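Novice: Next input, structure requested:
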Amino acid sequence: MLIGAPGSGKSTVGEALARRLGVDLLCTDTEIEKRAGKPIGDIFVEDGEAHFRALERQVVAEGLRSWEGVVAVGGGAVLDEDTQADLAGHHVVYLQVEFAEAARRVGMDTARPLLLGNPRTQLRRLLNERLPVYERLADTTVPTTGMHPEEVVDAILPELADDSGKADT
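Specialist: Purely as a prediction, here's the structure:
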């Protein structure tokens, strides 16, 4: 399971990790958009954050319960206590990114509804709020700042081999 802030590389690293492991990737944000038939930003605007979080909880729970490959969990999903409990028993990799790098990667991305207004200020607020949760849930922390996705995968793979008692990533 990959967790981390917006811009940490969950989807990109997830794709590379899944490829290297010979499995599929479940990106929970992508699955939510597929099920809802619209982008996450539209879900927030048209249906509200509570509706999005309910969809997110369902997709994450199903993925953690039955997905056989890599799961990239949306950045805010880890704030849900049930999701935190569901992560137990899985190898959780926290993709750590420095603020400046996350801001560069995310940019002025208006498709990220929680970054509307002043994206840099909102991103800093999200990072400060979520950082303790990411750190507490992580079995492995891998920095992604300045790293190519394949380098991040190279750092993750030995950790997975060392932790054979946990479920898939």
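
Novice: What's the mean pLDDT across the helix or strand where Glu33 lies?
Specialist: For Glu33, the element it lies in under DSSP states H and E is helix 28-36. Averaged over helix 28-36, pLDDT sits at 94.

Novice: next SSE after the helix-or-strand element of the chain with minimal mean pLDDT?
Specialist: Least confident helix or strand, the chain: helix 99-106 with a mean of 76, by mean pLDDT, DSSP states H and E. Using DSSP H and E, the helix or strand that follows helix 99-106 in sequence is helix 119-137.

Novice: Identify each buried residue in that following helix, please.
Specialist: Residues of helix 119-137 classed as buried: 119-120, 122-123, 126-127, 130, 133-134, 137 (neighbour count, 16 or more other Cβ atoms under 10 Å). In this view, the C-beta of every residue, glycine as well, is placed from N, C-alpha and C.

Novice: Any chance of a markdown table for these, columns pLDDT and distance to Asp162?
Specialist: A markdown table is the format used below for the buried residues of helix 119-137 (pLDDT from 0 to 100; distance: Cβ to Cβ, whole Å):
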| residue | pLDDT | distance to Asp162 |
| --- | --- | --- |
| Pro119 | 63 | 37 |
| Arg120 | 68 | 37 |
| Gln122 | 74 | 36 |
| Leu123 | 74 | 32 |
| Leu126 | 80 | 31 |
| Leu127 | 84 | 28 |
| Arg130 | 90 | 26 |
| Val133 | 95 | 24 |
| Tyr134 | 94 | 20 |
| Leu137 | 96 | 18 |
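
Novice: Out of these, which is nearest to Ala16?
Specialist: Tyr134 (20.1 Å; Cβ to Cβ).

Novice: sec struct for Leu95, please.
Specialist: Following DSSP: H, G, I helix; E, B strand; the rest coil, the label given to Leu95 is strand.

Novice: no wait, Pro6
Specialist: Here Pro6 is coil, with the state taken from three-state DSSP.

Novice: any idea how far the closest residue to Val133 other than its chain neighbours is from Thr12?
Specialist: Leaving aside its chain neighbours, Val133 sits nearest to Val78 (5.2 Å; criterion: Cβ to Cβ, 6 or more residues apart in numbering). Using Cβ to Cβ, to the nearest Å, one gets 19 Å for the distance from Val78 to Thr12.
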